[in-house]
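**Q** Provided below are the primary sequence and the corresponding predicted coordinates.
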Amino acid sequence: MESKEIAGQLRDTVKLRWALFDWYGNMKPFEDSVNRILENNNLPYQIEFVNIPGEFDGDYEKYINTYLSELKKGNYDLVSCRGRYGNCYDVYEMAVDAGVLWPIEGWLAEVENGKRLRAAYPELVWESLIYKRHIYGVGVPSVSMEYYAVFNEAYAEKYEINLTADAFSDLEEGLTKAAEGEAEENNSKFIPSTAWPYFLYGDYEKSRCELICINTMGEKLHAENILENESYLSHMRRLRDWTEQGLIHHDPDFSQITEGNFLVTGIEAYSEAAAESFCRNRYKISDDIPLKAVKLEEFCRHYERGNGVNGIAADSRHKEEAKDILAAIHSDEALSNGIVFGTEGLDYEIIDGRAVIPEEEKNYLFIRKISFGNPFLTLPTEEEPLSKSEDMRRAMENAILGYSSEITNYSDERKKQIAAINTVLMEKYAAALRGKSTDWENDLEKLRAEVKSLGMDDILEEINRQLHGQ
């Protein structure tokens, strides 16, 4: 960071208003932390977070437009665009369409602090931010694109289970041996495995509609209903069969996992070390229980922008200052840590190289981590490996941008249809697709009929029209 001086004198401090959408949790400590760092480095800026509340009544478009309408009134310099609602109402894209964000790709390419900001992220992050041929903000990427089976090595060794599975289906033999062996020993609380994803990646990619995949195997991309795709149906029937055989526990006693009374569980991560660390932290598993993560390629996905984006308000009177702040926060380790964790010694401690925060603040920390700062620069938290930054960059080096990023021009009617299907799936059928059903085939037919009535054929037609450039 460089101080700003004119003729040897520090410029007057400029206060920049940073709009937040329906924020919960107190951002004042993190505002204070950033402002303290700015002041200590003689940067003549201060930020003020301004929450714009919204009331959600089931209509995502109306909910987000409450925010955009307020932004159009002006008097903001920085704009937070928090994620995607209903998996198709993207705040960043809607903000661009509403004309409230300013394009920044020229600055990123031509001005020194813009160049420094661009270099602070893998190029794939910037590619994912291109919308209508321009970049309008700085992303806060999630790079947990890989999926791992995390084994309790003690049980794997006990039953001589090979931990180099080539495919998910290869787990069946080991699960069966462990389940039968523990049953013979009257270990009635043993958990062979927890629930697994129903969505296959590998040769497929998920669209914004949870039940539509993009098939990448043919000469050209093609969208398909996974409820009519034999690869998906075979996989979901396998999950049902394993559930009926007692190999999958959908509602496990998590204390048994904590105690190590399990064989394997699944988790998204960006490296083996991260998967093992996430699993150990999630279930409070002691270091005495050996874990081994094995990547499952069928569930590893392409990179897609999904978390928050922070941009410059189109009508800001302080665009140059806003650029300085945006660049500083996202390319400087101290400022990224400040906006995510707060002030060391006050809001968090550094213990063994990790940021440790009070337990009651952890839910709010998650929201800040997906909304602000540069995750390639911030400290690892308690559940992350010390190699976090290096592992995340390695994951990005091996990633490709998902094709679904090219499909954004949905009509209002299609968005409503997609949101309706996604809602029905999550509220009524997701567990069944993962194998938890007393009558799986009947549930499948009911879901097929319901999504058809909600416009599945129209959505498929629209996605394929865009994929095929029509």
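**A** Good, I have the coordinates. Residues are numbered from 1 along each chain as shown.
**Q** Identify each of the helices in the stretch 1-150 of the chain and give its residue range.
**A** Counting by DSSP state H, counting those that start in this stretch, the stretch 1-150 of the chain has these helices, from start to end: 28-40, 60-72, 91-97, 105-110, 112-119, 123-128.
**Q** In JSON lines, list those along with mean pLDDT.
**A** Shown next, in JSON lines, are the helices of the stretch 1-150 of the chain (pLDDT from 0 to 100):
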{"stretch": "helix 28-40", "mean pLDDT": "90"}
{"stretch": "helix 60-72", "mean pLDDT": "95"}
{"stretch": "helix 91-97", "mean pLDDT": "95"}
{"stretch": "helix 105-110", "mean pLDDT": "96"}
{"stretch": "helix 112-119", "mean pLDDT": "96"}
{"stretch": "helix 123-128", "mean pLDDT": "94"}
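**Q** ranking those helices by burial, who's on top?
**A** Mean neighbour counts were taken over the helices of the stretch 1-150 of the chain using mean count of other Cβ atoms under 10 Å, and the top value, a mean of 22, falls to helix 91-97. C-betas here are computed from N, CA, C, even on glycine.
**Q** helices or strands next to it in the packing?
**A** Applying 3 or more Cβ pairs under 8 Å, 6 or more residues apart in numbering; DSSP states H and E, one finds that helix 91-97 contacts helix 60-72, strand 78-81, strand 130-131, strand 309-312.
**Q** thinking again about what came up before, any chance of the helices of the stretch 1-150 of the chain in a markdown table, with distance to residue 203 too?
**A** As requested, these are exported to a markdown table (distance: least, Cβ to Cβ, whole Å):
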| stretch | distance to residue 203 |
| --- | --- |
| helix 28-40 | 42 |
| helix 60-72 | 31 |
| helix 91-97 | 27 |
| helix 105-110 | 33 |
| helix 112-119 | 33 |
| helix 123-128 | 20 |
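**Q** Residue 359 is nearest to which of those?
**A** Distance to residue 359, taken as Cβ to Cβ, is lowest for helix 28-40 among these, at 16.3 Å.
**Q** Contact partners for residue 389?
**A** Contact analysis of residue 389 by Cβ atoms under 8 Å, 6 or more residues apart in numbering lists 376-377, 380.
**Q** would CSV of these with pLDDT and secondary structure be doable?
**A** Shown next, in CSV, are those (pLDDT from 0 to 100; DSSP: H, G, I helix; E, B strand; the rest coil):
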residue, pLDDT, secondary structure
376, 96, coil
377, 96, coil
380, 96, coil
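**Q** which one of the residues you listed is nearest residue 361?
**A** For these, the nearest to residue 361 is residue 380 (16.6 Å; Cβ to Cβ).
**Q** Could you find the closest non-adjacent residue to that closest one?
**A** The shortest distance from residue 380 to any non-neighbouring residue, by Cβ to Cβ, 6 or more residues apart in numbering, is to residue 388 (4.0 Å).
**Q** Check what pLDDT residue 407 gets.
**A** On pLDDT, residue 407 comes in at 66.
**Q** follow-up on the earlier one: separation between the residue nearest to residue 380 and residue 84?
**A** As judged by Cβ to Cβ, to the nearest Å, residue 388 and residue 84 stand 24 Å apart.
**Q** which one of these two has more residues nearby?
**A** Between residue 388 and residue 84, counting by other Cβ atoms under 10 Å, residue 388 is the more crowded of the two (23 against 20).
**Q** can you put the helices and strands packed on helix 91-97 in CSV and add distance to residue 96?
**A** Converted to CSV, those look like this (distance: least, Cβ to Cβ, whole Å):
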stretch, distance to residue 96
helix 60-72, 10
strand 78-81, 9
strand 130-131, 5
strand 309-312, 9
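**Q** Nearest to residue 156 among those would be which one?
**A** Distance to residue 156, taken as Cβ to Cβ, is lowest for strand 309-312 among the helices and strands packed on helix 91-97, at 41.5 Å.
**Q** which helices and strands does that closest one pack with?
**A** strand 78-81, helix 91-97, strand 138-139, helix 319-331.
**Q** Hmm, residue 325 and residue 331 touching each other?
**A** No. Using Cβ atoms under 8 Å, residue 331 makes no contact with residue 325, being 11.1 Å away.
**Q** pLDDT weak spots in the stretch 301-450 of the chain?
**A** Residue ranges of the stretch 301-450 of the chain with pLDDT under 70: 404-408.
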